[in-house]
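**Student:** take a look and give me a structure for this.
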Amino acid sequence: MKHIGTKELSTKRLLLRKIRLDDDRDMFEQWASDPQVTKYLTWSAHQSVEDTRHIIALWLRDLEEPHVYRWAIELKSIGKVIGTIDLVNVDSRHKCGVFGYCLSAQYWNQGIASEALRAMLRYLFEEGDFHRIEASHLIENPASGKVMNKCGMKVEGNKRKKFLGHDGKFHDLVIYGILKEEFLLD
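**Tutor:** This next block holds a predicted model:
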């Protein structure tokens, strides 16, 4: 599989670009420090901007690799980073990966996550060599499923008690997938 890495993408409202170290304050203030945003994520809310700066530094090292796909979501109208979207668990043999996103609560329910996901899927399927993209969300977070559904992803099932949350409890995951030919027909 030929990897194409993180290339700048533009939509009507958004600029998807590589994150920069100077995005640390926006990231911390907009979403990384918000327990409401991180409630359903694999990581807890950041306690300081230094926590955020450390994560960005790790991401910047990763972005040097062509098989890493990670974008900052910048809202063009304000010129600020309001979230991230990325592809993880890239499987070159099977030409697939798993996407995740994180968005400032201030911008929920405005179609921004769907707009970013659609742009990323288009890039991975049309310019990349991907065959399939997968995702999941906690059953308690149906809003995330709506984003996936709006972008043509299909529910493929549930994984019972698969995710250990910040609350110390295991949660069910709803699994989604989309194939290249399904997206290109859309």
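**Student:** who does the lengthiest helix in the chain touch, helix- and strand-wise?
**Tutor:** Ranked by number of residues, the top helix in the chain under DSSP state H is helix 49-62. The contact analysis (3 or more C-beta pairs under 8 Å, 6 or more residues apart in numbering; DSSP states H and E) places helix 49-62 against helix 24-27. No exception for glycine: its C-beta is placed from N, CA and C like everyone else's.
**Student:** and the helix it packs on, how far out from the chain middle?
**Tutor:** Distance of helix 24-27 from its chain centroid, counting by C-alpha atoms, centre = their mean, to the nearest Å, is 17 Å.
**Student:** heads up, I number from 748, so please use that
**Tutor:** With 748 as the first residue, the last one maps to helix 771-774.
**Student:** tell me where the chain has helices.
**Tutor:** 771-774, 782-785, 796-809, 859-869, 889-897, 927-932.
**Student:** and residue 919, what is it in contact with?
**Tutor:** 885, 886, 905, 906, 907, 908, 909, 910 (C-beta atoms under 8 Å, 6 or more residues apart in numbering).
**Student:** correct me, but the fourth one touches residue 917?
**Tutor:** Which is residue 906. No: counting by C-beta atoms under 8 Å, residue 906 sits too far from residue 917 to count as a contact (10.3 Å).
**Student:** quick check: beta-bridge partners of the residue nearest to residue 912 when sequence neighbours are not counted?
**Tutor:** Closest residue to residue 912 in three dimensions, ignoring its sequence neighbours and counting by C-beta to C-beta, 6 or more residues apart in numbering: residue 918, at 5.3 Å. Following DSSP bridges, residue 918 is listed with bridge partners residue 910.
**Student:** likewise for residue 883?
**Tutor:** residue 922.
**Student:** going by neighbour count, which residues of stretch 787-800 are buried?
**Tutor:** Judged by neighbour count using 16 or more other C-beta atoms under 10 Å, the buried positions of stretch 787-800 are 787, 788, 792, 793, 798, 799, 800.
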